[in-house]
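[1] sequence-free structure coming up:
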């Protein structure tokens with residue numbers, strides 16, 4: 001199977017697909033799958049821009065809306081995770097994963113799927129210690145704090161991924177696993193991005209949650225983006241243990257290393273996307289404790305037996321099949337000839353894919369549950385200090401430092 005990996009998409013689907021089609025023609029090959037490591041920017045209309053946390057000069061429609069409307073269809077099956085620049089209102093509709101557009105699948109805030117027999121897992125968002133132990137308390141319409149915290153990784157989603165026992169072939173995260181720079185050419189990285197040096201020395205560059213997941217899951221490949229540079233690394237697990245091949249990629253711009261094509265051993269094609277049985281069982285077990293307030297999830301309350309969940313899922317998939325539910329449009333699409341933003345509801349929209357998914361698993365819908373007031377949470381440990389709560393003090397979180405330092409005007413992190 002030939003897979004193309006894209007760093008930060010930033011809504012530039014037309015150019016990425018055009019590049020891949022050109023490569024296919026020049027190299028006389030077929031690319032079976034495109035995976036994107038976040039900042040996909042699945043913006044359907046003007047209202048979605050209100051949930052996109054970017055500086056005003058970057059708050060533009062880009063090209064996803066063409067694929068959402070049906071004007072265009074992705075020429076290559078695409079799987080993506082979320083980053084820190086997303087239409088968060090839309091991705092929240094598809095919290096468990098689903099088709100964001102025909103041929104374009106969102107892996108969810110955390111998820112595992114199979115493409116053919118290749119098992120692909122992912123974690124959306126970026127790590128911020130001060131929100132890590134909170135529940136998913138944000139609700140529409142997002143205020144200035146919520147529009148930033150909605151994409152911060154939560155312990156609940158990481159805990160579910162930690163339960164995965166079966167081998168993962170490919171894993172995606174937006175930010176890099178903390179400590180990954182110890183396993184690659186860090187001197188070259190610092191020459192390219194000198195302002196990373198302090199965080200690398202302090203061991204704070206990247207996501208601790210992603211580092212913990214890499215140590216636990218030990219996938220064959222791990223791909224990331226976010227820091228807008230290419231960085232390869234080899235991580236050996238334990239004494240002579242398995243190896244994870246890590247690669248971070250740039251954003252889609254001319255002359256940048258934003259795309260990589262690799263081959264992975266697989267069964268013969270053609271390939272289809274399927275739900276993953278183990279992941280669905282994990283979802284069934286832990287969904288009853290889904291945290292919709294600031295309170296930390298209480299994992300001891302997840303009483304369902306995992307083996308019983310697994311058998312339940314197996315029976316359901318045998319009856320229904322394991323292909324995801326079909327794409328459904330849930331919002332008006334951008335019309336370049338007129339603005340229709342005033343017609344959009346401001347609250348949460350239930351996506352029929354999500355409703356059908358939860359019905360399949362016999363689970364209650366809770367994405368529009370009422371959130372408690374936005375007071376500070378009670379401390380759940382030293383990382384939840386009042387001082388750090390709500391802070392966005394790491395510059396690379398929301399601006400492209402190297403572009404700013406070099407006087408360029410081209411983008412976001």
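    All right, it came through fine. Small disclaimer: the values here were computed from a predicted structure and weren't measured.
[2] so how many other residues sit close to residue 311?
    12 (other CB atoms under 10 Å). Yep, even glycine has a C-beta here, placed from its N, CA and C like the rest.
[3] Kindly report the same for the one 10 residues further on.
    Summarising burial for residue 321: neighbours were counted as other CB under 10 Å, giving 10.
[4] mind checking pLDDT for it?
    According to the prediction, residue 321 has pLDDT 98.
[5] just checking, residue 176 touches residue 209?
    No. Using CB atoms under 8 Å as the test, residue 176 is too far from residue 209 to be in contact (11.5 Å).
[6] In terms of neighbours, single out the busier of the two.
    Neighbour count, other CB under 10 Å: between residue 176 and residue 209, residue 209 has more, with 27 against 24.
[7] Quick check: that one vs residue 224, distance?
    Taking CB to CB, to the nearest Å as the measure, residue 209 and residue 224 are separated by 13 Å.
[8] intersection of neighbour lists for those two?
    Residues touching both residue 209 and residue 224 (CB atoms under 8 Å, 6 or more residues apart in numbering): none.
[9] Now do the helices in the protein.
    For the chain, the helices defined by DSSP state H occupy 13-27, 64-69, 88-93, 129-132, 146-149, 155-162, 186-192, 197-202, 208-217, 277-286, 306-320, 352-361, 401-405.
[10] Look up how far residue 75 lies from the closest residue to residue 357 other than its chain neighbours.
    Setting aside the residues directly before and after it, residue 357 is nearest to residue 96 in space (CB to CB, 6 or more residues apart in numbering), at 5.4 Å. Counting by CB to CB, the separation of residue 96 from residue 75 is 26 Å.
[11] cool, and residue 162?
    Taking CB to CB, one finds residue 162 at 36 Å from residue 75.
[12] ok so, going back, residue 96 and residue 75: which is more packed in?
    In this view residue 96 and residue 75 are compared by other CB under 10 Å, and residue 96 has more residues nearby, 23 against 14.
[13] OK, contacts around that one?
    108, 111, 283, 354, 357-358.
[14] Kindly report the same for residue 174.
    By CB under 8 Å, 6+ apart, the neighbours of residue 174 are 37-39, 81-84, 123-126, 224-226.
[15] So residue 286 versus residue 158, what's the distance?
    For residue 286, the distance to residue 158 - CB to CB - is 11 Å.
[16] where along the stretch 201-350 of the chain do the strands fall?
    For the stretch 201-350 of the chain, the strands defined by DSSP state E, counting those that start in this stretch occupy 221-224, 231-236, 243-248, 259-263, 273-275.
[17] Most tightly packed of those?
    strand 221-224 (a mean of 26; mean count of other CB atoms under 10 Å).
[18] Report all helices and strands that it contacts.
    strand 170-173, strand 243-248 (3 or more CB pairs under 8 Å, 6 or more residues apart in numbering; DSSP states H and E).
[19] if you average pLDDT over the first one, what comes out?
    By that I understand strand 170-173. Mean per-residue pLDDT for strand 170-173: 98.
[20] Mind listing residues that contact it?
    Against strand 170-173 from outside (CB under 8 Å, 6+ apart): 3, 35, 37-38, 81, 107, 118-123, 207, 210, 213-214, 217, 219-224, 264.
[21] cutoff 7 Å now
    Here strand 170-173 makes contact (CB atoms under 7 Å, 6 or more residues apart in numbering) with 35, 37, 81, 118, 120-123, 207, 210, 217, 219-224.
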